[in-house]
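[1] Here you go, sequence then predicted model.
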Number of protein chains: 4
Amino acid sequence: MPKDTFMNLPFEKQSLILDVAIKEFHDKGYDLASISSIVEKAQIAKGSFYQYFEGKDDLFKHIVVIINDKKTQFAHPVILTFDQLNFFDWFKKMLFATFEFLKSYPVLAKISVDFWKHSSTHTKERILGEEMNRTHEFLTVFIEKAVQKNELRNDISIEYLARYISSQLAFFNDYLLETYDDLTLVSEKNLEKIITTFLSILEHGTKNHS
Amino acid sequence: MPKDTFMNLPFEKQSLILDVAIKEFHDKGYDLASISSIVEKAQIAKGSFYQYFEGKDDLFKHIVVIINDKKTQFAHPVILTFDQLNFFDWFKKMLFATFEFLKSYPVLAKISVDFWKHSSTHTKERILGEEMNRTHEFLTVFIEKAVQKNELRNDISIEYLARYISSQLAFFNDYLLETYDDLTLVSEKNLEKIITTFLSILEHGTKNHS
Amino acid sequence: MPKDTFMNLPFEKQSLILDVAIKEFHDKGYDLASISSIVEKAQIAKGSFYQYFEGKDDLFKHIVVIINDKKTQFAHPVILTFDQLNFFDWFKKMLFATFEFLKSYPVLAKISVDFWKHSSTHTKERILGEEMNRTHEFLTVFIEKAVQKNELRNDISIEYLARYISSQLAFFNDYLLETYDDLTLVSEKNLEKIITTFLSILEHGTKNHS
Amino acid sequence: MPKDTFMNLPFEKQSLILDVAIKEFHDKGYDLASISSIVEKAQIAKGSFYQYFEGKDDLFKHIVVIINDKKTQFAHPVILTFDQLNFFDWFKKMLFATFEFLKSYPVLAKISVDFWKHSSTHTKERILGEEMNRTHEFLTVFIEKAVQKNELRNDISIEYLARYISSQLAFFNDYLLETYDDLTLVSEKNLEKIITTFLSILEHGTKNHS
DNA sequence: TATGAATGAGTATTCATTCAT
DNA sequence: TATGAATGAATACTCATTCAT
């Protein structure tokens, strides 16, 4: 939650500051990212920074919120279709949406992934607060429904299923980010193939065969 | 690769220094771990430290090597049985071995997991160098054999399979470390159940059904 | 000496600003009191503050003037009775008036006492200017008269006597402020006893015995 | 309690650092004294300073200890004579000793007085710890004895007497420091006169007349 | 080889004040 | 007159590393 002073800034200045900050967090990770470096690159006075944000935590939190907003933009339309589709068809659409997000905001994706992976639970809670377990909780809800519809195995606890599928989603992220330097170069066909392979394993592993 | 001066130290002094360093990396993570803090706790002179190791990177790298050695101790006997077993039976034994490692060296495990998760690819490469992809490469060999024996699906590239199974192994690590504060308290029966569930998904997802 | 812009402000706004400032100086002392904190709490713009006052010094000086005004309110009626009373009887009334001031404005009293005690002579002079030695000068006049009336020892220089009695007044302040958290709880009887003791020492020490 | 690193420094370097620090605290008071300024003037690296002392508090505390040591040097021989003398004769010797201390270390005296006067009780306790109430407690002991010997009034509580006499001692300090720029210029005769006057008031005010 | 003092750039954050609107 | 964004020097303190002994 940046201060009003930041929100009142001309859009371009906000953008510049955020871009610089995002690059900093991306390059160095949360702990090593430096406010001094950010203000220098953004050409603003140190004092100004502290009139925009409460401090490092506040800035980072704001960026996390932005990331979540972007993600939501891609995921939201797909989420709405859940009731009309089989779980795995729906999940496939989620993967395409995820890909689109990664392609559009690879840097944001990396920040998110890095922070998520590293950082003590303590740090995460301090900075993210309730923002924390969103993805996981949201997935749990849908998985629960899918189990009830007999689309997912019911011999495994929902909690475990949710963790597994979350981890798979993270794997999907990682795989794409590490395999391709520039996701815009991934052809439609190639993407289709990757997703099919991914889903094939997931489906065999988790669908209800009874 | 510590310098000779370190290797020539009496075993107990080496041990002390490494124990202190391991605790530091465990508690604070790579970035925040402090050499000053380590030398103070280990009761050695700052200058001495730099006569033992090139610096922070070097020390950490050495610890990673130690971790890998410990892991290997547990994994080695199992690896030897590969030819006598079905891939999934063999993998099950690997999971038990992994569990034993985690139970015996939870602190080392956490360091490894944390560093692996966090840290830019760039940092990882700088510090780990060739130590980096060991697990992955080693798994690849066995997966390849299993595919040849028609125990694993052959409609998916070996490389992809290896990545998937690596990620699953990491998930297994995580799951155990995050779910249980003290792995010595996990009953034989409970462990069996966790591993069975885990394997069930993996097997359904990846075995050759033809 | 605040600027006209401040004096033209509606009374309530002036009050609010001064109350906040007084609290700040009371809580943190002169050096650590922060303008930023004051303007924030008083809900005025930073720029406005500098249109009301020259700066921190100016604001503090103004508060000192206010404090002196309050003190005078209590002391003035007593001062007028000087000619009708013996010096020590008169001084006793001054002590009661002092007590009433402390009881009514403990916060103002603390600011005054703290600043007076701390702060280099240099700082005091810079900030208080001529406001500085008022109490002392005013006491000197009355002491001089008392010496002429043979009520105070004449074997000690008037200047020294004035300093001594000033210091005793400060001691009286201190004693009350440090001994009691809330002066409104001091009973009439108790107060009488304190003042009597205090005066007894003073009188024995300074009255003309000849 | 400076660290060993400081104590191991050559005497002249220790002296230089302390002199600079003492001057800084003298000129600006505790709150405004700046470590940056000290290290710059003493020509040492910032990092070095923190290898000598824990921080600002630690440095200041050390200086307070030094001050107390110096004071004790002057007071100690006099204290020993207490049993052989009348209270007021003994106190007179204490005043002479006090004067010698002020003359020899006027800067140290000012630091002590300033800190003592200013600073919240909270700050004092944090920094001084048990060093705090020494003077006061020590005086109380002697006053108690003097009351038992019927040399001081017994119609006033010992606690109050101790506070009063403490404050008188502080007044004596102040008077000398503010009246004379250079105490080495005060003649023997003049000093005798000042002390006599001071004692005359004190004695009349507090001695047992019965 | 062992030591530990020296280094100075680095950190996040706060400050009183100015000035364009 | 009122505003509040901009400023940059200031603060205490930590860091990994070097180097003379």
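    Cool, got the structure.

[2] And A:A97, how far from DNA strand F?
    37 Å (CB to the nearest atom of the strand, to the nearest Å). Every C-beta, even on glycine, is put in place using the N, C-alpha and C of the backbone.

[3] The top helix by length along chain A and DNA strand F, are they touching?
    Criterion DSSP state H: the longest helix present in chain A is helix A:56-79. No. Using CB under 7 Å from any atom of the strand, helix A:56-79 stays clear of DNA strand F, coming no nearer than 13.9 Å.

[4] Which elements pack onto that helix?
    Here helix A:56-79 touches helix A:11-32, helix A:35-41, helix A:87-104, helix A:106-117, helix A:121-128, going by 3 or more CB pairs under 8 Å, 6 or more residues apart in numbering or on different chains; DSSP states H and E.

[5] quick one, which of those helices is nearest to chain C?
    Comparison of these against chain C by CB to the nearest CB identifies helix A:35-41 as nearest, at 18.8 Å.

[6] Show the model's pLDDT score for A:I158.
    We have a pLDDT of 92 for A:I158.

[7] Then A:P2?
    90.

[8] how close does it sit to A:I63?
    10 Å (CB to CB, to the nearest Å).

[9] now swap in A:F142 and tell me
    27 Å.

[10] Report the angle between the longest helix of chain A and helix A:106-117.
    Helix A:56-79 and helix A:106-117 meet at an angle of 110 degrees, taking axes from the mean of the first three to the mean of the last three CA atoms, to 10 degrees as the criterion.

[11] which parts of helix A:56-79 are buried?
    A:56, A:58-64, A:67-68, A:70-71, A:74-75, A:78 (16 or more other CB atoms under 10 Å in any protein chain shown).

[12] what does the domain assignment say about chain A?
    Per the record, chain A has its domains at A:1-54, A:56-206, by automatic domain parsing.

[13] Now do the same contact list for A:T140.
    By CB atoms under 8 Å, 6 or more residues apart in numbering or on different chains, the residues touching A:T140 are A:158-159, A:162.

[14] possible to save these as JSON lines with neighbour count?
    Output for the contacts of A:T140, formatted as JSON lines (neighbours: other CB atoms under 10 Å in any protein chain shown):
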{"residue": "A:I158", "neighbour count": "16"}
{"residue": "A:E159", "neighbour count": "13"}
{"residue": "A:A162", "neighbour count": "19"}
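
[15] Chain C: which of the buried residues of helix A:56-79 is nearest?
    A:D58 (16.8 Å).

[16] okay, now A:S34: neighbour count?
    Neighbourhood size, A:S34 [other CB atoms under 10 Å in any protein chain shown]: 12.

[17] ah, wrong one, I meant A:E54
    A:E54: 13 neighbours (other CB under 10 Å).

[18] Verify the contact between it and A:K3 for me.
    Yes. Using CB atoms under 8 Å, A:E54 is in contact with A:K3, at 7.3 Å.

[19] just for chain A, where's the confidence low?
    Judged by pLDDT under 70, chain A has its weakly predicted residues at A:116-134, A:209-210.

[20] So which bits of it are right by chain B?
    Within reach of chain B by CB under 8 Å from any CB of the partner chain, chain A has these residues: A:27-29, A:31-32, A:114, A:117-120, A:155-156, A:160, A:163-164, A:167, A:171, A:174-175, A:178, A:197, A:200-206, A:209.

[21] what do you get if the cut-off is 7 Å, keeping everything else the same?
    By CB under 7 Å from any CB of the partner chain, the part of chain A that sits against chain B consists of A:29, A:31-32, A:114, A:117-118, A:156, A:160, A:163-164, A:167, A:171, A:175, A:197, A:201-202, A:204-206.

[22] Those, buried ones only, as a ChimeraX selection?
    Selection of the buried residues among the residues of chain A next to chain B in ChimeraX, burial being defined by 16+ other CB under 10 Å:
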select /A:29,31,114,117,118,156,163,164,167,171,175,197,201,202,204,205,206
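
[23] Residue of chain A closest to DNA strand F, please.
    A:G47 (1.8 Å; CB to the nearest atom of the strand).

[24] and the helix or strand containing that residue, does that touch DNA strand E?
    Using DSSP states H and E, A:G47 sits in helix A:46-52. Yes. Using CB under 7 Å from any atom of the strand, helix A:46-52 reaches DNA strand E at A:46-47, A:49-50.

[25] As a markdown table, the residues you listed with neighbour count would be great.
    Compiled in a markdown table, the residues of helix A:46-52 next to DNA strand E are given as follows (neighbours: other CB under 10 Å):
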| residue | neighbour count |
| --- | --- |
| A:K46 | 11 |
| A:G47 | 8 |
| A:F49 | 20 |
| A:Y50 | 15 |
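
[26] ok, and for stretch A:171-187, which residues are buried?
    A:171-173, A:175-177, A:180, A:183, A:186.

[27] what secondary structure does A:S166 sit in?
    Of the three states, A:S166 takes helix according to DSSP: H, G, I helix; E, B strand; the rest coil.

[28] so it touches A:E137, yeah?
    No. A:S166 is beyond contact range of A:E137, at 10.2 Å (criterion: CB atoms under 7 Å).

[29] okay, those two: which has more neighbours?
    Legend: neighbour count by other CB under 10 Å for A:S166 and A:E137, higher for A:S166 (18 against 10).

[30] Can you give me every residue that contacts that one?
    Contact partners of A:S166, counting by CB atoms under 7 Å, 6 or more residues apart in numbering or on different chains, are A:135-136, A:139.

[31] Spell out which parts of chain A neighbour DNA strand E.
    Chain A comes close to DNA strand E at residues A:33-37, A:46-47, A:49-50, A:55-57, as judged by CB under 7 Å from any atom of the strand.

[32] what's the burial count for A:E24?
    Residues lying near A:E24 (other CB under 10 Å) number 22.

[33] which residue sits closest to it, ignoring its sequence neighbours?
    Counting by CB to CB, 6 or more residues apart in numbering or on different chains, A:A33 is the residue found nearest to A:E24 once chain neighbours are left out, at 4.6 Å.
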